[in-house]
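Student: I need the structure of the sequence given here:
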Amino acid sequence: MGAADLVPGISGGTVALISGIYDTFIESLGRCNLTAIKKLISEGPGAFWHYIRGSFLLTLFAGIVTSLITLSRLIAWILLQHPVPAWSFFFGLVLASGFVLSRSLHLTREYKSGAIFLLGAMLSSVLATSTPFTAHDTTPVSFFLAGAVAVCAMMLPGISGSFVLTLLGYYIPVMHAVAQLQLSVLTPLALGCLTGLIVFSRLLIALLHKARQLTMAFLTGAILGSLTKLWPWQQSLLAAPHSSADTLWLWPWQYTAATGNPAMPAAALMAAAAGFALVWGLERWARPD
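Tutor: Numbering: from 1, shown residues only. Model (predicted):
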C-alpha cells in the first residue's frame, strides 16, 4: 500500500481491496474511538489492543512506513528514467484491479450500480486530469490538513494519496521531507493522516454496511477512471502549450514524433502484462476459493 501511494494515480486502497483486507482495514480504523478508550480504562491495554485489532494495524502501518521510506527515491528514479515501462506496469496493475473487482458486481443488470460505477469513473478521471495547484503555505497546519485530505484518498481505491498531494501542490515538499526525514514536516503530516484515517473510516464503514453494492460499484469505477492518469504515452501541456487540454494522450507512433523519446511498445506491453499478472496472482492468493 505504501509503494502504491508513492505513485500519483495508484491508491493504497486498491491494493487493500484486491488483497482482501479492505473491510478489515476500514473497520479496524473505525474502532479507534471512544469505546476503545473506555476499554483501555476499564479493561486494560490487552482488551484495548484486541478491540482495535492492534497487531493487524501495527503490522500494516509498519509495512506502509517502511515502503514509503525505502522506495520513495527508487520509484521517483524509475518514473524519471524509464517512464513508458513504469507507467505501463501501473496501467496493467490498475486495469486488472478494476477487472477483478467488477466480476462481483452486476453492472449491466442493476442500473443503479451501473450509474454509480460511471459516476465513480468520471469523478476519478476528472480528478486525475486536473491541473495541480502550487503550494504557497508550508506551515505545520497546512501539512496537517494536506495529510488529512490525502489519507482519505488513500482509503478510496482509484484516487491516490500522492496524487491528491500533487493536486494540492504538496507532493514535492512531502517527498523531499520523506527523503530527508524532516520531522518538522513529517510530524504534522502524520498527525493529519491519523486524524483523517479515524474520521473518514467511520463514513466508509457506514457506506459499506448500508449500501455495499453501490459503494463497491463507485470504488470500482474510481479505479478504472484513474487509468487516464496512467496512460504510458502522454505529452504534458508544457510540451504542447497550444493544446486546449492539460495532457495529450498519444499513440506510440505519435509519442515518438511529439516528444523525441522512444515509445518502446514491446517493453510497454510486457510491463502492462506483468502488472496485470501480479494483481491476478495476488487476488488468487488472497481468495484461493
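Student: using just helix, strand and coil, how would you label residue 232?
Tutor: Going by DSSP: H, G, I helix; E, B strand; the rest coil, the secondary structure assigned to residue 232 is coil.
Student: contacts only, for it.
Tutor: Contacts here follow CB atoms under 8 Å, 6 or more residues apart in numbering; on that basis residue 232 touches 83, 84, 85, 87, 88, 91, 268, 272. Glycine gets a C-beta too; all of them are placed from N, C-alpha and C.
Student: now that we have those residues, which one has the most neighbours?
Tutor: Among those, the one with the most neighbours (other CB atoms under 10 Å) is residue 88, at 26 neighbours.
Student: model confidence over the helix or strand containing that residue, on average?
Tutor: Using DSSP states H and E, residue 88 sits within helix 83-102. Across helix 83-102, the average pLDDT comes to 83.
Student: for the next helix or strand after that helix, packing partners?
Tutor: Following the chain from helix 83-102 toward its C-terminal end, the next helix or strand by DSSP H and E is helix 111-128. Using 3 or more CB pairs under 8 Å, 6 or more residues apart in numbering; DSSP states H and E as the contact criterion, the secondary-structure elements in contact with helix 111-128 are helix 161-168, helix 212-225, helix 227-230.
Student: tell me what angle helix 111-128 forms with helix 83-102.
Tutor: Angle, helix 111-128 to helix 83-102, by axes from the mean of the first three to the mean of the last three CA atoms, to 10 degrees: 160 degrees.
Student: on that earlier part again, least reliable of the helices and strands packed on helix 111-128 by average pLDDT, please.
Tutor: For these, where the average pLDDT is lowest is helix 161-168, sitting at a mean of 71.
Student: ok, and for the next helix or strand after that helix, which residues are buried?
Tutor: Using DSSP H and E, the helix or strand that directly follows helix 161-168 along the chain is helix 171-180. Buried positions in helix 171-180, judged by neighbour count with 16 or more other CB atoms under 10 Å: 171, 173, 174, 175, 177, 178.
Student: low-confidence ranges in the chain?
Tutor: Flagging of the chain using pLDDT under 70 yields the residue ranges 7-11, 106-109, 128-137, 153-154, 157-160, 163, 166-167, 236-247, 283, 286-289.
Student: need the buried residues of helix 171-180 in CSV with distance to residue 165, can you?
Tutor: Rendered in CSV, the data for the buried residues of helix 171-180 read as follows (distance: CB to CB, whole Å):
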residue, distance to residue 165
171, 4
173, 9
174, 6
175, 8
177, 11
178, 11
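Student: closest one of those residues to residue 68?
Tutor: When these are compared for distance to residue 68 (CB to CB), residue 178 wins out at 6.0 Å.
Student: now the helices and strands packed on helix 111-128 as JSON lines including mean neighbour count and distance to residue 110?
Tutor: Formatted as JSON lines, the entries for those read as follows, by neighbours: other CB atoms under 10 Å; distance: least, CB to CB, whole Å:
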{"stretch": "helix 161-168", "mean neighbour count": "24", "distance to residue 110": "30"}
{"stretch": "helix 212-225", "mean neighbour count": "24", "distance to residue 110": "7"}
{"stretch": "helix 227-230", "mean neighbour count": "22", "distance to residue 110": "23"}
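Student: picking up where we left off before, off-centre distance for the helix holding residue 88?
Tutor: The gap between where helix 83-102 is centred and where its chain is centred comes out at 12 Å by CA atoms, centre = their mean, to the nearest Å.
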